[in-house]
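Participant: Predicted model follows, preceded by the sequence.
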Amino acid sequence: MIDFLIANMAPFMFGSLIVFLLFGYSVAFSLAACGLFFGFLGVQLGMLPEALLQALPLRMFGIMQNDTLLAIPFFTFMGLILERSGMAEDLLDTIGQLFGPIRGGLAYAVIFVGAMLAATTGVVAASVISMGLISLPIMLRYGYDRRVAGGVIAASGTLAQIIPPSLVLIVLADQLGKSVGDLYKGAFVPGFVLTGMYVAYVLVITLIRPHQAPALPKEARTIREDDGSAGLRSLGLLVLASIACALVFAKSRPSTVPTDELIVTSMCVGVGVAFVLAVLNRVTKLGLLSRMAERVTFVMIPPLGLIFLVLGTIFLGVATPTEGGAMGATGALALALARRRIDLRLLRQAMDSTMKLSSFVLFILIGSTVFSLSFQGVDGQKWVEHLLTGLPGGQLGFLIVVNILIFFLAFFLDFFELAFIVIPLIGPVADKLGIDLVWFGVLLAVNMQTSFMHPPFGFALFYLRSVAPNEDYTDKLTGKRIAKVTTGEIYWGAVPFVLIQVAMVGMIIAFPGLVSRDLAKEGTIDTEKAFQQMRVNQRAADQADAAPSAPSASTPSGNETPDAKGDPMSGLLESMKKDQPKKP
């Protein structure tokens, strides 16, 4: 029995963790408890040296010294300030008026604003709750199908998962040992392709069942000119002028300028031109721009400027993601102050929520560190590696199985739990199979979006349920009696968007070029390979000291890969096992 337990310690450890989670215990404490219990058990059975647990304090201090994780409270605080400052409300009202004359206009506005909020906040809860409070009553008032309205709001809020500055990308970069900036660049195109797929779905709905997404009636379109027109002509001319200036600037730049830098700077120029023209028109009272053009410009430019302040500085290499988050938080405070929509009560609420979420993440990270230390000590990495590398189909088989696993685990776990439990196990295997970890991280981020949309435990569905009307009510504007939104309608509305997200996973696997390859790889240091080389050199030196006159033919050369490839801790474990006294 003891021999069987020793031979299968890793699967027993992983199975025990699943049992703890199914019983409903806290993820952070379940991880830590399993790690400590099996660590002590491994020491008693002679599998692990007692000195192994002394490495825990070093790992704890490593977490506290990780500058990358500082980006999490910065981006969370930025999102909460923007959500409470009324930016989402202004955006939804303005874009809703802009798209109102066409069928599905409000749904398009929700998707567009969801993408903008994702690019500024990176927080799903803030996006879903804001759009649920503001746009859901309007969509119900004008006859939108409840399933369509609920699905669009919940799915648009989850765009914060994949569009930078996403919190999940920060966590994945930390767990995979890759640059946050690289994952941001890699996720840029897939995020907006997914947004386009949402728009395409709404378009299909308006063509097949137009009554489920009607246009706004004429009396609901309040931004109009004196002659009754919508004022779209001057807005179109302003957009064309901005695009022309951006293209001229792009053509004037040297061909050696990186693509991402060229796109960011050109967009900054185009947006800046539009803002300057709108300001000049208002100051000089020329009347060249319509009310719609001025409203759209002054409402959209500040969040766009914040996006460029955060993502632009990261893509240009001016700031790290942590520094970009700090600038974003400062910019959000400046916008809130400029709108005069911030006070000490709001500021304290945002700071309290930021502290709670950041503490939640760090406690899970500490628990996963305790678990992974013991799991590596009982050769859990080798067990997972043998389990996954033996799958038929090579890389494709591995990707299919891993994505199916993530998809089903997302029914019960959120993305933080998936990132801290599953990613450390499958990341080294993907690296050994030759899969680009930046591409792999973006793929998993798209898949983990489904954790927010899965009935019955999707958090985005819970957020929407908390703000959707649960009783019939009388609309204050029209006086009509409007029926409540049921939980079943929210769940069924989410299903098509879950399928769209799964289709996006398949597209990334089929067309890997969707993930940006314009990453600066020259001059970078692969720390994992550096640790491997250090272990190889140390082994060679030890063998040379042991037999100086007859060097062993099996001494590894500088180009060979050591057996303990998965983690730098494996070298420490091996050395401690050698130093452990033998039992009689």
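Facilitator: Here it is on my side, so go on.
Participant: Other residues contacting stretch 354-366?
Facilitator: 27-28, 31-32, 60, 63, 69, 72-73, 76-77, 80, 171, 416-417, 420 (Cβ atoms under 8 Å, 6 or more residues apart in numbering). C-beta here means a position set from N, CA and C on the backbone, and glycine is covered the same way.
Participant: redo that, cut-off 7 Å
Facilitator: 27-28, 32, 60, 63, 72-73, 76-77, 80, 416-417, 420 (Cβ atoms under 7 Å, 6 or more residues apart in numbering).
Participant: Just the buried ones from the residues you listed?
Facilitator: Those of the contacts of stretch 354-366 that meet the buried threshold are Val27, Ala28, Ala32, Ile72, Pro73, Thr76, Phe77, Leu80, Phe416, Glu417, Phe420, by 16 or more other Cβ atoms under 10 Å.
Participant: rewinding a little: quick check, nearest of the contacts of stretch 354-366 to Gly488?
Facilitator: Glu417 (26.4 Å; Cβ to Cβ).
Participant: which ones are touching the nearest residue to the closest one once chain neighbours are set aside?
Facilitator: Leaving aside its chain neighbours, Glu417 sits nearest to Val27 (5.0 Å; criterion: Cβ to Cβ, 6 or more residues apart in numbering). Contact analysis of Val27 by Cβ under 7 Å, 6+ apart lists Leu21, Ile364, Gly367, Glu417.
Participant: now, which of the residues you listed lie within helices?
Facilitator: Secondary structure from DSSP state H places Leu21, Ile364, Gly367, Glu417 of the contacts of Val27 in helices.
Participant: is it possible to export these to JSON lines including distance to Gly104 and pLDDT?
Facilitator: Compiled in JSON lines, the ones in helices among the contacts of Val27 are given as follows (distance: Cβ to Cβ, whole Å; pLDDT from 0 to 100):
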{"residue": "Leu21", "distance to Gly104": "40", "pLDDT": "77"}
{"residue": "Ile364", "distance to Gly104": "39", "pLDDT": "82"}
{"residue": "Gly367", "distance to Gly104": "45", "pLDDT": "84"}
{"residue": "Glu417", "distance to Gly104": "35", "pLDDT": "74"}
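Participant: Mind checking which of the contacts of stretch 354-366 land in strands?
Facilitator: Under the assignment DSSP state E, those contribute nothing to strands.
Participant: Which one of those residues is nearest to Pro190?
Facilitator: Phe416 (20.6 Å).
Participant: picking that back up, now tabulate the ones in helices among the contacts of Val27 in JSON lines and tack on distance to Ala430.
Facilitator: Formatted as JSON lines, the ones in helices among the contacts of Val27 follow (distance: Cβ to Cβ, whole Å):
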{"residue": "Leu21", "distance to Ala430": "24"}
{"residue": "Ile364", "distance to Ala430": "22"}
{"residue": "Gly367", "distance to Ala430": "23"}
{"residue": "Glu417", "distance to Ala430": "19"}
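Participant: now this structure, which segments are flagged as low pLDDT?
Facilitator: Applying pLDDT under 70 to the chain flags residues 1, 121-123, 126, 260, 516-584.
Participant: count of neighbours near Thr68?
Facilitator: If you count neighbours by other Cβ atoms under 10 Å, Thr68 ends up with 15.
Participant: Shouldn't it be within a strand?
Facilitator: No: secondary structure of Thr68 (DSSP: H, G, I helix; E, B strand; the rest coil): helix, not part of a strand.
Participant: thought it was touching Lys178?
Facilitator: No: under the criterion of Cβ atoms under 7 Å, Thr68 makes no contact with Lys178, lying 10.3 Å away.
Participant: in terms of contact, does Leu92 touch Ala109 like I think?
Facilitator: Yes: Leu92 lies in contact with Ala109 (Cβ under 7 Å); the separation is 6.2 Å.
Participant: So between those two, which is more surrounded?
Facilitator: A direct count of neighbours by other Cβ under 10 Å for Leu92 and Ala109 places Ala109 higher, at 27 against 24.
Participant: who touches the strand or helix carrying the more buried one?
Facilitator: Following DSSP states H and E, one finds Ala109 within helix 105-120. Helix 105-120 is contacted from outside by 82, 88, 91-92, 95-96, 99, 127, 131, 135, 138-139, 144, 148, 152-153, 156-157, 159-160, 163-164, 195, 198-199, 202, 213, 215-216, 303, 306-307, 311, using Cβ under 7 Å, 6+ apart.
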